[in-house]
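Undergrad: give the three-dimensional model of this entry:
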Amino acid sequence: MIGVVTLGLALSACTTTRVGTDRLAEKDPLEGFNRGVWAVNRGADKVIVKPVSQVYRAVTPKPARDGVRNFFANVGEPFSFINNILQGKGDRAIRNLGRFVVNTTIGIGGLFDQASRMKIQPAPEDLGQTFAAWGMNGGPYLVLPLLGPSTMRDGVGTGLSQVADPYRYCLNNCDLPNGLPIALTATEVISTRAGLIEAGADNFLESSLDPYAAARSAYLQRRRAEILNRDAADLIPDEGDEANPALDDALSAADADAGIPGTDTAPSPGAENPPAPPVEAPNTPETVAPDAPNGRN
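TA: Numbering: from 1, shown residues only. Here you go, the predicted model:
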């Protein structure tokens, strides 16, 4: 832990951190493979995960569902603390530590988010974000079996988190009662899926001409926002991309990591979130209606 803190302090001396680009992810060179995995994932979701999540929502009161969601967010705070230290974001790491202490004690094991009531806002980070902050390119877009959207970089981060995340490590290695790790993992999956239903992800995908492409575009934009510690609403979509705040919020529960084309500069530790890039006015005197076709079929 001392080594981690020392590295974090060294990183915090840097004024900026280059964020790895993700041009390859947008091109999706593995699209054939990804669509196959996407279809399998959707099938498993339709047959098992979604029905169970719907029953969970029907029989579990919302305060209880919120408590479950708060619990899993709380056990993730130590890993976010480690990643914020590795990225040199000391102020965000302090928030992770404060939230974990407050919610674990006053919040009764994390069931209640007392930290937010005390104005200690969340600062989630993961290994994919850390790798991006260190300048590692995202690599190709990748749909992981059962886990969903990711990139090659972030798939590596997801795998390493099984040993780097204190909570995940304990699930796999601590002497817990038989069945408890499986029960906790299943509950986390169902809670996350129920949150997606509440956020309207299903309605968006069902109304899309190409659900795979729609989910990929929204996910990559959302992940870029997370890497830059900005809300996705602050991002200016690429020309031709359609913004959809509903799906953007729905995909916020995803665990995997991804990026979007372009080279960005991560905010320096302790700095304010960077402003969104200015939008230049078109060079034509004609006014284009907001719902005008963008030229794509």
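
Undergrad: list the residues that contact Leu30.
TA: By C-beta atoms under 8 Å, 6 or more residues apart in numbering, Leu30 lies in contact with 140-142. For glycine as for every other residue, the C-beta is placed from the backbone atoms N, C-alpha and C.

Undergrad: quick one: the helices in the stretch 51-200 of the chain?
TA: Applying DSSP state H, counting those that start in this stretch to the stretch 51-200 of the chain gives helices spanning 62-75, 77-86, 90-105, 114-117, 127-133, 152-164, 166-173, 180-199.

Undergrad: please identify the deepest-packed of these.
TA: Of all those, helix 127-133 has the most neighbours on average by mean count of other C-beta atoms under 10 Å, namely a mean of 26.

Undergrad: returning to that earlier point: of the contacts of Leu30, closest to Asp210?
TA: Set against Asp210, the nearest of these by C-beta to C-beta is Tyr141 (14.4 Å).

Undergrad: tell me the bridge partners for that closest one.
TA: Bridge pairing for Tyr141 (DSSP bridges) gives the partners Thr151.

Undergrad: that one reaches Asp154, doesn't it?
TA: No. Using C-beta atoms under 8 Å, Tyr141 is not in contact with Asp154, being 9.8 Å away.

Undergrad: from the contacts of Leu30, list the buried ones, please.
TA: Taking 16 or more other C-beta atoms under 10 Å as the criterion, what is buried in the contacts of Leu30 is 140-142.

Undergrad: make TSV from the residues you listed and add pLDDT and distance to Ala44 to it.
TA: Output for those, formatted as TSV (pLDDT from 0 to 100; distance: C-beta to C-beta, whole Å):
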residue	pLDDT	distance to Ala44
Pro140	94	23
Tyr141	94	20
Leu142	95	17
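
Undergrad: tabulate the residues you listed (a markdown table), appending distance to Gln54.
TA: Formatted as a markdown table, the buried ones among the contacts of Leu30 follow (distance: C-beta to C-beta, whole Å):
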| residue | distance to Gln54 |
| --- | --- |
| Pro140 | 33 |
| Tyr141 | 29 |
| Leu142 | 28 |
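
Undergrad: of all the helices of the stretch 51-200 of the chain, which one is nearest Tyr219?
TA: Comparing those by C-beta to C-beta, helix 152-164 comes nearest, at 10.7 Å.

Undergrad: distance between the closest one and the chain's centre?
TA: Remark: helix 152-164 is offset 13 Å from the chain centroid, using C-alpha atoms, centre = their mean, to the nearest Å.

Undergrad: again, but for stretch 172-185
TA: Worked out by C-alpha atoms, centre = their mean, stretch 172-185 lies 25 Å from the chain centre.

Undergrad: end-to-end on it?
TA: 11 Å (C-alpha to C-alpha, to the nearest Å).

Undergrad: what comes into contact with that stretch?
TA: Here stretch 172-185 makes contact (C-beta under 8 Å, 6+ apart) with 162-163, 170-171.

Undergrad: show me what contacts the closest residue to Thr187 other than its chain neighbours?
TA: Using C-beta to C-beta, 6 or more residues apart in numbering and skipping the chain neighbours, the partner closest in space to Thr187 is Val68 (6.5 Å). Counting by C-beta under 8 Å, 6+ apart, Val68 touches 60, 187, 191.

Undergrad: and for Ser80?
TA: Counting by C-beta under 8 Å, 6+ apart, Ser80 makes contact with 92, 96, 123-126.

Undergrad: can you check Lys50 too?
TA: The contact partners of Lys50, by C-beta under 8 Å, 6+ apart, come to 193, 197, 202.

Undergrad: excluding sequence neighbours, find me the nearest residue to the second one.
TA: The spatially closest residue to Ile197, leaving aside those adjacent along the chain, is Ser53, at 6.1 Å (C-beta to C-beta, 6+ apart).
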